[in-house]
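In: Kindly generate the corresponding structure for this input.
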Amino acid sequence: MSPFFVMSLLFGLTFSQTASLCAPSEYIIYVEKRECAYCLAINTTICAGFCMTRDSNGKKLLLKSALSQNVCTYKEMLYQTALIPGCPHHTIPYYSYPVAVSCKCGKCNTDYSDCVHEKVRTNYCTKPQKLCNM
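Out: This is a model prediction of the structure:
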């Protein structure tokens, strides 16, 4: 391999993490329970953005570790709990949700992230709405 190719490869692998635009982003979660009278709109933060990935066309020339497909995921998060209004006494009226504190580009962890991009889902309330600012 030529020295130019090796230097270009090292530069590309190093620069790819700094060129990523992965950061906490404001998001509204709509939560409702069948038994409760209201839908709760929760303002929170999620990890969103662009992460550089490495093209697998050069897989014969590179190590497997250099061919990762990174996603924007949680680096630090905390959980908060909200009270859903209008629930009868026999129903648990609490909903816990993650709040992104910081984000990183890395492998998707299915323990706390949905790693599959699904078709567009509606994110709305079917009941009267209450706003929760945490």
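In: May I see the buried residues of stretch 76-92?
Out: Buried positions in stretch 76-92, judged by neighbour count with 16 or more other CB atoms under 10 Å: 77, 82, 84, 86, 87. Every C-beta, even on glycine, is put in place using the N, C-alpha and C of the backbone.
In: First-to-last residue distance for that stretch?
Out: Terminal residues of stretch 76-92 lie 28 Å apart, using CA to CA, to the nearest Å.
In: neighbouring contacts of it?
Out: With CB atoms under 8 Å, 6 or more residues apart in numbering as the test, stretch 76-92 has contacts from 31-33, 35-38, 40, 42, 44, 93-102, 112, 130, 132, 134.
In: Buried subset of the residues you listed as a ChimeraX selection?
Out: Restricted to buried positions by 16+ other CB under 10 Å, the ChimeraX selection for the contacts of stretch 76-92 reads:
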select :31,32,33,36,38,40,42,44,93,95,97,98,99,100,130,132
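In: still on that earlier bit, mind checking which of the buried residues of stretch 76-92 are in helices?
Out: Among those, none falls in helices (DSSP state H).
In: okay, among those, which ones form the most distant pair?
Out: Spatial extent of those (CB to CB) is set by the pair 77 and 86 at 28.3 Å.
In: Out of the contacts of stretch 76-92, which sit inside strands?
Out: Assignment to strands by DSSP state E places the following of those there: 31-32, 40, 42, 44, 94-102, 130, 132.
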